[in-house]
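Chemist: pasting the sequence and the predicted model now:
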Amino acid sequence: MSGSIGQPVSRLDGYEKTMGRARYTGEIFLPNMAYAAIVGATISSGRIKAIDRSAAFDADGVIAILAHDNLPRIPGQPQLLPSLVGAPAPGQSFFPLQDDEIHYYGQPVAIVVAVSYERVQHAAWLVEASFDETPSITTIDQGRELAYEPERLFGGLMPARDARGDVEAALASADVVVDGTFHMAANHHNALEAPTTTAVWDEDRLTLYDATMGVRATQLTVAHLLGLSLSKIRVVSNFVGGSFGSKAMIWPHVTLAALAAREGRQAGTSRPDASAGILSDRSARGTGTSSDARRDPRRTPHGDQAREALGDLAL
């Protein structure tokens, strides 16, 4: 290893990427492949009243339109855990298209399967979903009165509060105290390739081409949700396509692609866009901070108190 220090080292995937030969997940094309598009909810909270498929079915090339009223229930329920635990790592605490309840704007309410990417996008726009809307909380300020401090965070793996020293005493003895509230805008992942999954069934065996940071996490999650043995699932990820952390958890579109492929009886590709609400796992945050200082330039104790109200809200 010491012989490599200070020496130029070529990336194993550098040549293919710089020459434009790298095939990302969205560039996987298979014989007789169909395409799936997710239709997202247009409200933030409520229930689905009806889904009108008639205009979409009149479009050319449509194979299937799946929703909570005709999609089989999945055997396993998601349990929110970070992917680094080495267990199933669904990105959400519920799985969509299992009932009529809407939890957030853009939540998948239907999947359209068609013979080409262009036709499935066109047909998806023709699906009409109607809703009974209920009040929603979409900003930190709206939910501030409901905010609470949980006992544990990060899937229950770490305590919510970790303190050291005497912050109140340090503030009381400071010559100058600055107390302010700062608001930070929502931030979104903009990776080179958006989350994309291609699913292929060979009898009871499933192959997933997935843009993911962890093929094992994908395998574990889909196996749990669909009630399959790990030996029945193969996951291929040639190139992550950028992530910024957004592809560490396994979002619903991965399993939805497998369901679409199975129900459509062909290979299916699920390509969520921003309206599906799963490209970002970070959102607006509010932080209150108190900082102290002494006029004496010598180093003195200081304390920062920060709390994210409601954690990360899905906007």
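Modeler: Right, received. Where do you want to start?

Chemist: and the helices in the stretch 51-200 of the chain?
Modeler: Under the criterion DSSP state H, counting those that start in this stretch, the stretch 51-200 of the chain contains helices at 54-58, 117-126, 167-173.

Chemist: brain fart, the stretch 201-315 of the chain
Modeler: Going by DSSP H, counting those that start in this stretch, the stretch 201-315 of the chain shows helices at 215-226, 252-264.

Chemist: just name the most buried of those.
Modeler: Ranked by mean neighbour count, the helices of the stretch 201-315 of the chain are led by helix 252-264 with a mean of 25 (mean count of other CB atoms under 10 Å). C-betas here are computed from N, CA, C, even on glycine.

Chemist: so that helix versus helix 215-226, what angle?
Modeler: 60 degrees (axes from the mean of the first three to the mean of the last three CA atoms, to 10 degrees).

Chemist: quick check: which helices or strands does helix 252-264 pack against?
Modeler: strand 34-40, strand 62-67, strand 108-114, strand 197-202, strand 205-210, helix 215-226, strand 268-270 (3 or more CB pairs under 8 Å, 6 or more residues apart in numbering; DSSP states H and E).

Chemist: which stretch in the helices of the stretch 51-200 of the chain has the least confidence?
Modeler: Looking at the helices of the stretch 51-200 of the chain, the lowest mean pLDDT belongs to helix 167-173 (a mean of 89).

Chemist: output the contacting helices and strands for that one.
Modeler: Packing partners of helix 167-173 (3+ CB pairs under 8 Å, 6+ apart): strand 285-293.

Chemist: low pLDDT regions in the chain?
Modeler: Within the chain, the segments meeting pLDDT under 70 span 1-2, 265-315.

Chemist: quick one: the strands in the stretch 1-150 of the chain?
Modeler: 34-40, 46-52, 62-67, 101-102, 108-114, 128-133 (DSSP state E, counting those that start in this stretch).

Chemist: dump the ones you listed into CSV; add mean neighbour count and distance to L157 as well.
Modeler: Shown next, in CSV, are the strands of the stretch 1-150 of the chain (neighbours: other CB atoms under 10 Å; distance: least, CB to CB, whole Å):
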stretch, mean neighbour count, distance to L157
strand 34-40, 26, 30
strand 46-52, 15, 33
strand 62-67, 21, 35
strand 101-102, 20, 28
strand 108-114, 26, 28
strand 128-133, 15, 36
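
Chemist: fine by me, we can end here.
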